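*Asks:* coords below, sequence missing:
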């Protein structure tokens with residue numbers, strides 16, 4: 001019976017440590033995100049660059065070539 005009691009004490013202590021760690025982790029993440037948001041204006045993000053669109057004339061030429069080959 002004593003072994004079962006020690007096991008329960010160890011389980012409660014372990015779960016308490018895990019929950020305490022998770023609470024500290026949540027508050028740390030919350031306050032660090034607020035801290036970073038406060039100083040985000042110092043280093044603004046660059047606007048994403050748009051990829052150039054392919055030329056439509058090239059596609060038309062490829063389609064015309066495919067039709068010409070198919071009709072041969």
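*Replies:* In hand now; what should we look at? Remember, it's a predicted structure, so these values are computed and weren't measured experimentally.
*Asks:* could you point out the longest helix in the chain?
*Replies:* Assignment by DSSP state H gives helix 2-38 as the longest helix of the chain.
*Asks:* list the buried ones in that helix?
*Replies:* Buried residues in helix 2-38, counting neighbours by 16 or more other C-beta atoms under 10 Å, are absent. Glycine gets a C-beta too; all of them are placed from N, C-alpha and C.
*Asks:* below-threshold pLDDT in the chain: ranges please.
*Replies:* For the chain, the stretches with pLDDT under 70 are 53-58.
*Asks:* swap in 80 and give it another go.
*Replies:* Applying pLDDT under 80 to the chain flags the ranges 41, 43-59, 72.
*Asks:* ok, back up a step: how far does the longest helix of the chain sit from the chain's center?
*Replies:* In terms of C-alpha atoms, centre = their mean, to the nearest Å, the centre of helix 2-38 is set 24 Å apart from its chain centre.
*Asks:* tell me the helix or strand right after that helix.
*Replies:* helix 56-71 (DSSP states H and E).
*Asks:* related to what we said a few turns ago, helices and strands around the longest helix of the chain, which ones?
*Replies:* Other helices and strands packing on helix 2-38, by 3 or more C-beta pairs under 8 Å, 6 or more residues apart in numbering; DSSP states H and E, are absent; none qualifies.
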